[in-house]
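Colleague: predicted coordinates and the sequence they were generated for:
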Amino acid sequence: MLYYDVVNCHCGFYCKKIIIIASLSKFMDSSNSNGGSQRLLDLAQRLRLYKPPPFPEDILDQIMEDNEGKVVSQASFPESATPIAQNTEKFRYKRAAVLICIFEGDAGELRVILTKRSFRLSTYSGEVALPGGKADEGDKDDGDTAKREAFEEIGLDPELVDVATFLEPFFSKYLMRVVPVIGILHDKKAFKPVLNPAEVEVVFDAPLEMFLKDENRSQEKMQWMGENYLIHFFDYEIEHKKYLIWGLTAGILIRAASIVYQRPPAFMEQDPEFKLPRI
């Protein structure tokens, strides 16, 4: 019906049918402007339907009350797969976004782009991370933030990335609100990495499904607010280089892989007695 109104067609059924087909064809050509496999196109379409579940908004109140408004230390804050709700009116925490940039590998597997942070950085130096960073005033949303930061860090052209969905926020040990943004890179060959040496030492990629498998994985149980929680560590090797993916990055990737593959991990994601509500 929408197409009839746009073209104001009054020529009869067959004319209308042709116009509908032509309009749908044009729409599909536009949605495929980045090219890519049908699998990636289908994945992007499915992910756009994902809606982050609601999360109680009193969690941050409790954190800030217990810590008297101070920044929570690394030893006491769980950088795991458990996100915390937003409460932007009461707390002025910093906002950030990371890009979970998925592409199709040579064997047809889904892979994700990762970085090793520069040792010059004051926080998380030398650690594996997803491209991303703090929001700027000019960013219209978390997708803009994630893509802009990825361009600044590794030269990933924002036009190459099709934002599919946003996950629920995670909070870092500094109470920075981090929103994971899942983006699809339809043409991996078009990505020519240009690293910013002040921020990134190395860019590499890993199979997304590995974050659902109980292989090359270890975990540590720690405590936060008197409750036990788990931190996951994944050992990964590519091109004779070894990387340790853990903490906040591992937690985000476990959650992203669960959503993309529509199944839970083969290991316990969080201590069942941990009091933060589950998703």
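Modeller: Happy to help now that I have it.
Colleague: just checking, next helix/strand downstream of the helix or strand harbouring Y229?
Modeller: Assigned by DSSP states H and E, Y229 belongs to strand 227-238. Once the chain leaves strand 227-238, the next helix or strand it forms, by DSSP H and E, is strand 241-246.
Colleague: what's the angle between the helix or strand following that following strand and strand 241-246?
Modeller: Per DSSP H and E, the first helix or strand lying C-terminal to strand 241-246 is helix 247-261. Helix 247-261 runs at 90 degrees relative to strand 241-246, counting by axes from the mean of the first three to the mean of the last three Cα atoms, to 10 degrees.
Colleague: any buried residues in helix 247-261, and which?
Modeller: Neighbour counts over helix 247-261 (16 or more other Cβ atoms under 10 Å) mark 247-260 as buried. Placement of C-beta: from N, CA and C, glycine included.
Colleague: next, format these as a markdown table and append distance to Q45.
Modeller: Listed next are these as a markdown table, based on distance: Cβ to Cβ, whole Å:
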| residue | distance to Q45 |
| --- | --- |
| G247 | 32 |
| L248 | 29 |
| T249 | 27 |
| A250 | 27 |
| G251 | 26 |
| I252 | 22 |
| L253 | 22 |
| I254 | 23 |
| R255 | 20 |
| A256 | 17 |
| A257 | 19 |
| S258 | 19 |
| I259 | 14 |
| V260 | 13 |
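Colleague: number of nearby residues for K51?
Modeller: K51 has 9 neighbours, counted by other Cβ atoms under 10 Å.
Colleague: what score does E153 have for pLDDT?
Modeller: Predicted confidence (pLDDT) for E153: 97.
Colleague: tell me the angle of the strand holding Y229 relative to helix 247-261?
Modeller: 80 degrees.
Colleague: buried residues in strand 227-238, which are they?
Modeller: For strand 227-238, the neighbour count (16+ other Cβ under 10 Å) marks Y229, L230, I231, H232, F234, Y236 as buried.
Colleague: now do stretch 172-184
Modeller: So for stretch 172-184, counting by 16+ other Cβ under 10 Å, buried means S172, K173, L175, M176, R177, V178, V179, P180, V181, I182, G183, I184.
Colleague: next, the third one: secondary structure please.
Modeller: In terms of secondary structure, L175 is coil; the call rests on DSSP: H, G, I helix; E, B strand; the rest coil.
Colleague: strands of this protein, residue ranges please.
Modeller: Counting by DSSP state E, the chain has strands at residues 95-104, 110-117, 128-129, 132-134, 161-166, 170-171, 177-185, 200-207, 217-224, 227-238, 241-246.
Colleague: show me what the last one is packed against.
Modeller: Which is strand 241-246. strand 110-117, strand 128-129, strand 200-207, strand 227-238 (3 or more Cβ pairs under 8 Å, 6 or more residues apart in numbering; DSSP states H and E).
Colleague: appreciated, that's everything.
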